[in-house]
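>>> Pasting the sequence and the predicted model now:
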There are 2 protein chains.
Amino acid sequence: MLRLTPSLLGLSLLFALTLPGAATADAGKTPSPKALLDQSRPDEWRTPDPENIVVMQLPQGRVVIELAPDFTPLHAQNIRTLVREHYFDGLAIIRVQDNFVTQWGDPEDDDKGDKSKLRSLGKAKKTLPPEYTRAIDGKLPWTALPDGDVYAPEVGFSEGFPVARDKASGQEWLTHCYGAVGVARDVGPETGSGSSLYAIIGQAPRGLDRNLAVAGRVLQGMEYLSAFPRGTGPLGFYEKPEQRTTITSVTMLADLPPAQRPHLQVLKTDSTTFAALIDAKRNRRDDFYKVPAGKIDLCSISIPVRDAK
Amino acid sequence: MLRLTPSLLGLSLLFALTLPGAATADAGKTPSPKALLDQSRPDEWRTPDPENIVVMQLPQGRVVIELAPDFTPLHAQNIRTLVREHYFDGLAIIRVQDNFVTQWGDPEDDDKGDKSKLRSLGKAKKTLPPEYTRAIDGKLPWTALPDGDVYAPEVGFSEGFPVARDKASGQEWLTHCYGAVGVARDVGPETGSGSSLYAIIGQAPRGLDRNLAVAGRVLQGMEYLSAFPRGTGPLGFYEKPEQRTTITSVTMLADLPPAQRPHLQVLKTDSTTFAALIDAKRNRRDDFYKVPAGKIDLCSISIPVRDAK
């Protein structure tokens, strides 16, 4: 947890409330995000199912992704299969397009590559049904945001993911917020398999919503996926093999030796503490802010993750 | 200008219309952004005033920033003064907070530093009035977006910048979209000078709007500002001097020898081509998109910049 020294307090105010855990100028007046998290109850945190956690080891560090089987079950299962066949081990970061996506998979899959050299998907399916949207499930927890959305009739959080809903169509879908992990595909809606994935690294490209399957979101390690040199080829693909970063390994958390497992906990998005965090972010009350926005957009809310180790 | 080879067309469709210049699957059906730009008239492009262009040379490459004197005139003038006194030369990238900001200035200004070692601001003012908002100027061009905004009553573009408006208060202000360059300050609203600047590198933190002065926006080189290793200290400040990147030089374009000047042109945001680009981005018509959003948020629209050299 971030701790600010008194000497840092001044500068922390530059954007104190922009990250959970930062102190505020007048923590006495209203709880700061850090105070809210410190006061959270143990039962407000969940430990994701190890069968839904993908651990991608990069030379720079570890990236932890939570799959979303309640929204994209077939993709979650296919990705588990690919991971357990070590499909991703030794593959690479093949594309980094500024303010858009970092994409990884088979370097031969960049359309300049030799298709005959493509790594086999083994037992994994080569294509999947879209799973771009799903029927709204009234049984799933729903934390609605009050400030509206440019793209969807309703937005909020469900099971730890930023979600959009359209009651008219009865559909809901995972949104392309920062850190969302999507399934790359070609023109056809059934051409994705999970063998090439991308993470959103810039302004949320919400126009992709309902057009691509969102398989999950990054819980830890976005600072590695977002900081790769941008590719100089069309769409941000790397032009030279040596520009790519090789993926050391990708493993399901459940298959890691206990000693190597991260022990991440995610704040429940239907918890009172998460609701208080949203309110604190909508109305910045520390002295730095002169005009609290009184509003927040879906993709500007980060869901707190902590290491329970 | 990006050119896609036929062999790339398939993959380009992954996100064809997400960047100006990319081809579409059926350019015959509707003009692609690339086609729209290719068809643009010369008089739809403007060459920014050299007195408003700041050129920051980094080891990684060149960053070109356009100041916005019609919105933040005192800050533009103070930044010109600082640049012309070579204030920034040899200073550093001091902070990179993931999905938020890259900040540069005096390393001693990180609140762990020795204030007595702070570089003198010379003839530049040490503090400035806020200039967070300005009265709406009906004489300035205004291209309104039709899809609404979570944070402001009205948003659109004026003179090449993404702007929010509130007719009730009669005020308008530059927004913290990706690439916006803001003026860091401490708690007091008049504590900013332009001696420490930040660029937005993630989801637009619109809650900063009307709380900080936006001095301009990055026209070229965001791919360098966005890809620095994230700082591991509180708020993303670098903890060790060796982690910082030293700024080679910062120069006003007007002061560069003609041979060294970039010749950037910016598409006018009140041009018919820009309006057509917004429509193309709101309604993706290539075969890749199954459900055109029919909407676009202010910060998801990139303003085309080209090198006229």
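Sure, I can see it. These numbers come from a predicted model, not from an experiment.
>>> A:His75 and A:Ile93, how far apart?
20 Å (CB to CB, to the nearest Å). Placement of C-beta: from N, CA and C, glycine included.
>>> And these two? Which one has more around it.
Neighbours were counted for A:His75 and for A:Ile93 using other CB atoms under 10 Å in any protein chain shown; A:His75 has more, 28 against 23.
>>> I figured that one hits A:Leu212, correct?
No - here A:His75 does not reach A:Leu212: they are 10.4 Å apart, not a contact under CB atoms under 8 Å.
>>> which neighbours do these two share?
A:Val183, A:Gly192 (CB atoms under 8 Å, 6 or more residues apart in numbering or on different chains).
>>> Sketch out the helices for chain A, chain order is fine.
Taking DSSP state H, the helices of chain A run over residues A:6-12, A:33-38, A:73-84, A:222-225, A:272-282.
>>> Of these, which is nearest B:Ser196?
Shortest distance between B:Ser196 and the helices of chain A, using CB to CB, is found for helix A:6-12: 9.7 Å.
>>> What's the mean pLDDT across that closest one?
Here helix A:6-12 scores 32 as its mean pLDDT.
>>> Then stretch A:43-62?
Averaged across stretch A:43-62, the pLDDT comes to 98.
>>> In it, which of the residues would be classed as buried?
Within stretch A:43-62, the residues scored as buried using 16 or more other CB atoms under 10 Å in any protein chain shown are A:Glu44, A:Trp45, A:Pro48, A:Asn52, A:Ile53, A:Val54, A:Val55, A:Met56, A:Gln57, A:Leu58, A:Gln60.
>>> Would you check how far apart the fifth one and chain B are?
Same thing as A:Ile53. 21 Å (CB to the nearest CB, to the nearest Å).
>>> same check, this time on the third one
As defined by CB to the nearest CB, A:Pro48 lies at a distance of 21 Å from chain B.
>>> residue contacts, the residue nearest to that residue when sequence neighbours are not counted?
Distance criterion CB to CB, 6 or more residues apart in numbering or on different chains; nearest residue to A:Pro48, sequence neighbours excluded, is A:Glu66 at 5.1 Å. Contacts for A:Glu66 (CB under 8 Å, 6+ apart) come out as A:Pro48, A:Asn52, A:Ile53, A:Val54, A:Gly160, A:Gly216, A:Arg217, A:Leu219, A:Val266.
>>> Just name the closest of the residues you listed to chain B, please.
A:Arg217 (12.7 Å; CB to the nearest CB).
>>> quick one: the closest one and A:Val64 touch, right?
No - counting by CB under 8 Å, A:Arg217 does not reach A:Val64; the two are 10.0 Å apart.
>>> These two: which is more packed in?
A:Arg217 (25 against 18).
>>> ok, is stretch A:151-164 in contact with chain B or not?
Yes - using CB under 8 Å from any CB of the partner chain, we find that stretch A:151-164 touches chain B at A:Tyr151.
>>> Start and end of that stretch, how far apart?
Its first and final residues considered, stretch A:151-164 spans 9 Å by CA to CA, to the nearest Å.
>>> mean confidence for it?
98.
>>> Show me which positions of it end up buried.
For stretch A:151-164, by 16+ other CB under 10 Å, it's A:151-152, A:154-164.
>>> Of these, just say which sits nearest to B:Arg84.
A:Tyr151 (44.2 Å).
>>> List the contacts of that closest one.
Neighbours of A:Tyr151 in contact, by CB under 8 Å, 6+ apart: A:Ala164, A:Arg206, A:Gly207, A:Asp209, B:Ala293, B:Lys295, B:Asp297.
>>> Now it. Nearest residue, chain neighbours left out?
A:Arg206 (4.5 Å).
>>> Torsion angles phi and psi at the residue lying closest to A:Arg282 once chain neighbours are set aside?
Ranked by CB to CB, 6+ apart and with sequence neighbours excluded, the top spatial neighbour of A:Arg282 is A:Ile296, at 4.5 Å. With angles defined as degrees, to the nearest 10, A:Ile296 sits at phi -150, psi 140.
>>> What does the pLDDT read for A:Ile296?
97.
>>> Enumerate every residue touching it.
A:Leu145, A:Asp147, A:Ile278, A:Lys281, A:Arg282, B:Val150, B:Gly207.
>>> Restricted to buried residues, select the residues you listed in PyMOL.
In PyMOL, a selection of the buried entries from the contacts of A:Ile296 looks like this (16+ other CB under 10 Å):
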select buried, (chain A and resi 145+278+281+282) or (chain B and resi 150+207)
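>>> For my notes, please list the contacts of A:Ile296 in TSV and give distance to A:Arg84 for each entry.
Shown next, in TSV, are the contacts of A:Ile296 (distance: CB to CB, whole Å):
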residue	distance to A:Arg84
A:Leu145	36
A:Asp147	41
A:Ile278	37
A:Lys281	38
A:Arg282	42
B:Val150	41
B:Gly207	42
